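> structural data only, the sequence is not supplied:
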C-alpha cells in the first residue's frame, strides 16, 4: 500500500480554503478598500478550495483505476 500525498494535500487546502472564505465573508468590508474593493480572502479561499477538491478527486479516481501493470 503506497502513500498517496493527494489526500492530506487535498484536506489541508480544503480546510484552509474554507477558513479563508469564512474570514472573507464575515470580516470587515472596509479592509478591502486597499485592494480596490476586491475581497481577496474570498477569491484566494475559493481557489484553494478548488485545488483541494481536485487533489481529493484525483486521489479518489486514481484509487479506483487500480494499480498499473508491469510491461512484461
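Perfect, thanks for sending it. Computed from a predicted model, the values in this text were never measured in an experiment.
> how about low-confidence regions in the chain?
Across the chain, the ranges flagged by pLDDT under 70 are 1, 64-72.
> please enumerate the helices of it.
6-26, 40-64 (DSSP state H).
> how about these, which one is nearest residue 33?
helix 40-64 (11.8 Å; Cβ to Cβ). Where C-beta positions appear, they are placed from N, C-alpha and C, glycine not excepted.
> need the helices of the chain in TSV (columns: distance to residue 32 and mean neighbour count).
Listed next are those as TSV, based on distance: least, Cβ to Cβ, whole Å; neighbours: other Cβ atoms under 10 Å:
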stretch	distance to residue 32	mean neighbour count
helix 6-26	9	16
helix 40-64	7	15
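> right, and those helices - which one's nearest residue 34?
helix 40-64 (9.5 Å).
> in a markdown table: the helices of the chain, plus distance to residue 33.
As requested, the helices of the chain are exported to a markdown table (distance: least, Cβ to Cβ, whole Å):
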| stretch | distance to residue 33 |
| --- | --- |
| helix 6-26 | 14 |
| helix 40-64 | 12 |
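> what's the neighbour count on residue 30?
Residue 30 has 7 neighbours, counted by other Cβ atoms under 10 Å.
> from residue 43, how far off is it?
18 Å (Cβ to Cβ, to the nearest Å).
> next one: residue 23
For residue 23, the distance to residue 43 - Cβ to Cβ - is 12 Å.
> and the residue nearest the centre of this protein?
residue 52 (2.4 Å; Cα atoms, centre = their mean).
> residues contacting that one?
For residue 52, the contacting residues are 9, 10, 11, 12, 13, 14, 15, 16, 17, by Cβ atoms under 8 Å, 6 or more residues apart in numbering.
> can you check residue 29 too?
So residue 29 contacts residue 39 (Cβ under 8 Å, 6+ apart).
> what's the answer for residue 43, then?
Contact analysis of residue 43 by Cβ under 8 Å, 6+ apart lists residue 24.
> swap the cut-off to 10 Å and go again
Each residue near residue 43 by Cβ atoms under 10 Å, 6 or more residues apart in numbering is listed here: 20, 21, 24, 35.
> again with residue 50
Shown in contact with residue 50 (Cβ under 10 Å, 6+ apart): 13, 14, 17.
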